[in-house]
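In: Predicted coordinates and the sequence they were generated for:
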Amino acid sequence: MSFFGVSLNYTIGEIKKSLESFIGMVTRGDLTTPQRSMSPRTFRNKLKNFKELEMHPITIPVRWKHVPDVLPNPLGTLDSEVSNYLNKEECEKEIEKRIA
């Protein structure tokens, strides 16, 4: 069993510390910085963890005073619409199977 793609052998504190470390690496470089220091599977799991938290691990540099602290996802609405469409399509297929 896992939580955020991490074995439950880890505590929530350890997972939080791991994600904070990942963000620290991104802050000192870019998204490829942590990718160079971990296995592809670990890197994918970290990105999956952030996705489950509805966060993107790209940080806004502290010296950029002209931008807000948080930027909304410009594709959030599109993602929601696509998900709704796919769910609707899956439901229709399931109904057709049950009728047949």
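Out: Thanks, I have it. Remember, it's a predicted structure, so these values are computed and weren't measured experimentally.
In: Compute the distance between the residue nearest the centre of the chain and Phe43, please.
Out: Centroid-nearest residue in the chain, with Cα atoms, centre = their mean: Lys51, separated by 1.6 Å. According to Cβ to Cβ, to the nearest Å, Lys51 and Phe43 sit 13 Å apart. Quick note: C-beta positions are derived from backbone N, CA and C, even for glycine.
In: One more: Ile15?
Out: Distance, Ile15 to Phe43, by Cβ to Cβ: 15 Å.
In: Give the rounded mean pLDDT of whatever helix or strand Ser21 lives in.
Out: Using DSSP states H and E, Ser21 maps to helix 12-28. Mean pLDDT, helix 12-28: 84.
In: Next, the buried residues of the following helix or strand past that helix.
Out: Remark: after helix 12-28, the chain's next helix or strand is helix 32-36, criterion DSSP H and E. By 16 or more other Cβ atoms under 10 Å, the buried positions in helix 32-36 come out as 34-35.
In: Okay, angle between the helix or strand following helix 32-36 and helix 12-28 too, please.
Out: Later in the chain than helix 32-36, the nearest helix or strand by DSSP H and E is helix 40-52. Calculated by axes from the mean of the first three to the mean of the last three Cα atoms, to 10 degrees, helix 40-52 forms an angle of 100 degrees with helix 12-28.
In: Need the residues that contact the next helix or strand after helix 40-52.
Out: Going down the chain from helix 40-52, the next helix or strand is helix 76-99, by DSSP H and E. With contacts defined as Cβ atoms under 8 Å, 6 or more residues apart in numbering, helix 76-99 is touched by Asn73.
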